[in-house]
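Novice: model the structure of this input:
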Amino acid sequence: MSSRAKDMIQLLRNMGLPYVAFRIQHEIRRRSGWAKKRFPVNPPAQTFGSLTEWRALPVAFFKPVPKLPLPPAEQILLKNRVNAQREGKVLFFSSQTHPVSDWLTHPLTGFRYEPTTHWSEVPDFSPEAGDIKYVWEKARFTFLYDLIRYDHHFQEDQSTFVFEEINSWISANPINCGPHWRCSQEISLRLLNWTFALHYYRNSPALTSERFDQIMHSMYWQLRHVEDNIQFSRKAVRNNHALTETLTLYLMGLLFPFFPGSAARKIAGKRWFEQEIEYQIYEDGTFLQFSMNYHRVVVQLLSWGISLAHLNHERWAPVVYERAERSLQFLRACQDSYTGWLPNYGNNDGALFFPLTACHFRDFRPQLNALAAALDQTCPAQTELWAEEAQWLGLLPHESAETAPLEGFFTFPKGGYSVFREGPMLLFMRCGSYADRPFQADNLHLDLWMDGENLLRDAGSYLYNTDEKWTRYFAGTASHNTVMLGDFDQMRKGPRFIWYDWIRESSLSGWLADGDKAVCEEQFTGFRALGSGIVHRRRVTKKNGEFSWVIEDWLLNAPPALPMHQRWHPSAVFLKKYSLRAFDKMHKEIAATQAEGWYSEKYGEKEPAPQIIFTTSQRYIRTEIRRIP
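Specialist: Have a look, this model is predicted:
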């Protein structure tokens, strides 16, 4: 049997027959022209209720209560971003600023998409065009929140510019044509963000009847697109895309009842969102995408969904509240108490759907506190920066000045996470198996934080659509603080987001007290491309009251010809303040090799970073980490 045939069989086993059958059916429909009939181009203009009728609807939306003023430094940053927007310079992925000439041109490659090409014929990746996310980014309309926040904090009306941008997009993107109709999640975000702007400026003179009718016509067909394509996200993708789209169907049905089919759309969207939450957020609060940033995406969606449902006297199924609360518990356990940051773990494309705060992109406090407020839970005392997001959602967090810092051992067995918190230290490790698709080959990765510094860190994601060299590094085992066999990843990389040889067996004991020390021992069976039964076992030991750590790694049943590499990705602070020494099973010190590594804190950006590698032909490495006196 050919290797390709074996891969196809494995894909079928991993993803299941319904997934494969749906993908085949979807591809046949796309190529046969069925999609062009299902998603018509430029349907005749329709009117769905007047501006006056919309303003009079008995539907509640967020009532912003941002009372706290922005600090002067944040006012300057916000003003600079708004001025840049007016000059055509847009913030991408919460980090980079690029000039944007129009809605269809890639800001890096200069490639311009055809505005009349049916969306089903637009590829989501081509070497010539470059990463399509760069074209999608502005069209999410997250930049509207800077304009609205500026309007509020500076008392300078931005409504004309906001509606000019929305109408500009509508004019440049015929219905069901071009790259901005390619992805239903992108469409969903645009709908939610336009809705926020419409409600904020609902009584503005800039919102004329003619403009309102044009926006409603576009929104209706965007909503129809999401609805008619929802099974692709629920069956073929099943991640944060499905959560975003199902919630959008519910909210649009709730907030725009005059659209045809709204009642049924709202009921279906609510039911599907509840099902997706139950499936995607595990019982222990961990998330099936194994990504801190995508979990935050879900947190923001939950805050919107719960708050707007309650404002309109509706409730979700109990499982939604349960999984939301457990998500909070998990993310807070993994959160550095000094900075509000979490490990840069899992896929991270810079997504922050609703940027309603001046906090750093990596700071999760605004989003976690907003969800806590939506759940009517207490949260630590707020600063003006952390509280702003909740206040924009009409929420007033219940502050508790007596909230003690989290301490001790935290284990999340379904997701495979172990966390140890002691004073200024946070030690995070993951060892899991996969029933849902994996995204990175990073088992037994260890993240170490001290005094707000990420000493041993995850290298990040960089880009999803890039050269194989970079995909292999950032998604693979080499960019994580764990062990490799030769140059082999723990799982075998396929095209795009596909992995073969999924890790199916893992053992997670979590942290345990053992006399004057704490010990965590975990293992998994992997490296199936090299043979069966290969086990990586890791034990981490920390003595009470001392900031030193011992990490022991064993490889069992590994091919003898391949060396064992223990890889570390230290920060500059670690190299100045800590030592790292390794020994083999004969207690002989192993010389460290300094290799070039890479670090990507934000999507689309990477920088050279040190990488320390300990290599042995044996199958055991003991590493000692100590603070330099």
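Novice: give me the neighbour count for residue 459.
Specialist: 25 (other Cβ atoms under 10 Å). In this view, the C-beta of every residue, glycine as well, is placed from N, C-alpha and C.
Novice: and residue 165, by the same measure?
Specialist: Residue 165 - counted by other Cβ under 10 Å - has 19 other residues nearby.
Novice: helix, strand, or coil at it?
Specialist: Taken by DSSP: H, G, I helix; E, B strand; the rest coil, the conformation at residue 165 corresponds to helix.
Novice: ok, it - contacts?
Specialist: Residues near residue 165 by Cβ atoms under 8 Å, 6 or more residues apart in numbering: 141, 144.
Novice: what's the pLDDT at it?
Specialist: Reading off the confidence values, residue 165 has pLDDT 98.
Novice: ok, it to residue 599 distance?
Specialist: Per Cβ to Cβ, to the nearest Å, residue 165 is found 34 Å from residue 599.
Novice: residue contacts, the residue lying closest to residue 462 once chain neighbours are set aside?
Specialist: The shortest distance from residue 462 to any non-neighbouring residue, by Cβ to Cβ, 6 or more residues apart in numbering, is to residue 600 (4.1 Å). By Cβ under 8 Å, 6+ apart, the contact list for residue 600 reads 459-462, 474, 606-607.
Novice: so which of the residues you listed are in helices?
Specialist: residue 474 (DSSP state H).
Novice: among the contacts of residue 600, who's most crowded?
Specialist: residue 461 (27 neighbours).
Novice: how many neighbours does the spatially closest residue to that residue that is not a sequence neighbour have?
Specialist: Once flanking residues are discounted, residue 461 sits nearest to residue 348: 4.7 Å by Cβ to Cβ, 6+ apart. Around residue 348 sit 25 other residues, with neighbours defined as other Cβ under 10 Å.
Novice: quick check: residue 348 touching residue 459?
Specialist: No. Look at residue 348 against residue 459 with Cβ atoms under 8 Å: they stay out of range, at 10.7 Å.
Novice: give me the three-state assignment for residue 419.
Specialist: Under three-state DSSP, residue 419 comes out as strand.
Novice: which residues touch it?
Specialist: 333-334, 409-412, 426-429, 511.
Novice: keep only those of those that are in helices.
Specialist: Those of the contacts of residue 419 lying in helices (DSSP H): residue 333.
Novice: now do the contacts for the residue nearest to residue 206 when sequence neighbours are not counted.
Specialist: Once flanking residues are discounted, residue 206 sits nearest to residue 159: 4.0 Å by Cβ to Cβ, 6+ apart. Applying Cβ under 8 Å, 6+ apart to residue 159 gives the contacts 151, 201, 204-207.
Novice: now with 10 Å, please.
Specialist: Counting by Cβ atoms under 10 Å, 6 or more residues apart in numbering, residue 159 makes contact with 147-148, 151, 197, 200-207.
Novice: same deal with residue 506?
Specialist: Neighbours of residue 506 in contact, by Cβ under 10 Å, 6+ apart: 413, 416, 430-434, 443-444, 522-526, 535-536.
Novice: repeat that for residue 493.
Specialist: 441, 468, 471-472, 475-477, 499-501, 529.
Novice: pLDDT-wise, what's the bottom of those?
Specialist: Minimum pLDDT across the contacts of residue 493 falls on residue 468, with 90.
Novice: count of neighbours near it?
Specialist: There are 9 residues near residue 468, going by other Cβ under 10 Å.
Novice: list the contacts of it.
Specialist: 493, 495.
Novice: do that again at 7 Å, thanks
Specialist: Counting by Cβ atoms under 7 Å, 6 or more residues apart in numbering, residue 468 makes contact with nothing.
Novice: how much space between it and residue 496?
Specialist: For residue 468 relative to residue 496 (Cβ to Cβ), the value is 11 Å.
Novice: ditto for residue 487
Specialist: Between residue 487 and residue 496 the computed distance is 21 Å (Cβ to Cβ).
Novice: can you check residue 354 too?
Specialist: For residue 354, the distance to residue 496 (Cβ to Cβ) stands at 28 Å.
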